[in-house]
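S.K.: 3D model of this:
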Amino acid sequence: MTASRKPGFPARLGGAPKPAASPAAGARAAAGPAAVTQGLGMDSDAVRQRMVRRLAQAGIGRAEVLQSMGSVPRHLFVDTALAAQAYEETSLPIGWGQTISKPAVVARMVDLLLGAPGAQAQGKLARVLEIGTGCGYQAAVLAQLVREVYTVERLRAMHERARDRLRPLRLANVHLILGDGMLGYAPGAPYAGIIAAAGGEQLPDAWCEQLAVGGRLVAPVAGAGGGQALMVIDRTAQGFVQNVLEAVHFVPLKSGVA
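M.R.: Modelled structure (predicted):
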């Protein structure tokens, strides 16, 4: 880990994965009641809970993360033709060249976000900024765990589809914004957490500027070889502390609104 006044990017890849916490307690908590869903077969509650058990076995140890993953009906965020694969450990196309991340990747990034120093001190994150709404699934997961979610999507059609998918869940603490995610969303700043679903060679300055002291930023960053790694940035009173974790694969970070 390194400390500096401002994170230095691009980051080098090759950092070792963080040791996983014991999943036992989280698995027990996640076995509680989940949101009521319709349908049988691959979109059923039983299938979703099997997904949660796999996440616990894979090392997701935070009980609240497992419970949120178990309560959000993931199949509602993919096309009907792909509903049978919604709870498998795979990414799926959601249109316009975008994908919904694997369940383990969503859980891992949300779990890291909740480890922010500010969250540890206050018990719960306040405002969180999500870069790349996509289909809206990760925003729905976050909505169970933080007070407010501001989520920015640059593709108008994707933004509208996410709104349609989220509407039935009636998540009053999720705010959808059509805009350039590379600019963040200054009206909601400072944020206790920022999480990005797209990766570039550098993290935009706006993200670091909009992160509160005690806050954490979780995002993929591309290295010189073209691969991506998950990076965690903590903002302290003295500056920024960065940690490069495991290799990941996300869509490229782009600017502008389309």
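S.K.: how distant is the longest helix seen in the chain from the center of its chain?
M.R.: Ordering each helix of the chain by length in residues (DSSP state H) puts helix 45-57 first. Once both centres are worked out by C-alpha atoms, centre = their mean, to the nearest Å, helix 45-57 turns out to sit 18 Å from its chain's centre.
S.K.: From here on, call the first residue 50.
M.R.: Okay, residue one is now 50; in that scheme the one you just asked about reads as helix 94-106.
S.K.: List the buried residues of that helix.
M.R.: For helix 94-106, a neighbour-count test (16 or more other C-beta atoms under 10 Å) marks 94, 96-98, 100-101, 103-105 as buried. C-beta coordinates here come from the backbone N, C-alpha and C atoms, glycine included.
S.K.: cool, and stretch 261-272?
M.R.: For stretch 261-272, burial by neighbour count (16+ other C-beta under 10 Å) applies to 261, 263-272.
S.K.: would you list those in TSV and tack on distance to residue 134, pLDDT and secondary structure?
M.R.: As requested, the buried residues of stretch 261-272 are exported to TSV (distance: C-beta to C-beta, whole Å; pLDDT from 0 to 100; DSSP: H, G, I helix; E, B strand; the rest coil):
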residue	distance to residue 134	pLDDT	secondary structure
261	38	96	strand
263	39	93	strand
264	35	95	strand
265	31	97	strand
266	30	98	strand
267	25	98	strand
268	26	97	strand
269	23	96	strand
270	28	95	strand
271	27	89	strand
272	30	80	coil
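S.K.: I'd like the residues you listed as JSON lines, with distance to residue 138 appended.
M.R.: Converted to JSON lines, these look like this (distance: C-beta to C-beta, whole Å):
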{"residue": "261", "distance to residue 138": "33"}
{"residue": "263", "distance to residue 138": "33"}
{"residue": "264", "distance to residue 138": "30"}
{"residue": "265", "distance to residue 138": "25"}
{"residue": "266", "distance to residue 138": "26"}
{"residue": "267", "distance to residue 138": "20"}
{"residue": "268", "distance to residue 138": "22"}
{"residue": "269", "distance to residue 138": "18"}
{"residue": "270", "distance to residue 138": "23"}
{"residue": "271", "distance to residue 138": "24"}
{"residue": "272", "distance to residue 138": "25"}
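S.K.: which one of the residues you listed is nearest residue 203?
M.R.: Residue 203 lies nearest to residue 268 out of the buried residues of stretch 261-272, by C-beta to C-beta, at 15.4 Å.
S.K.: what residues are up against that closest one?
M.R.: Residue 268 makes contact with 180, 243-245, 248, 252, 256, 279-280, 282, according to C-beta atoms under 8 Å, 6 or more residues apart in numbering.
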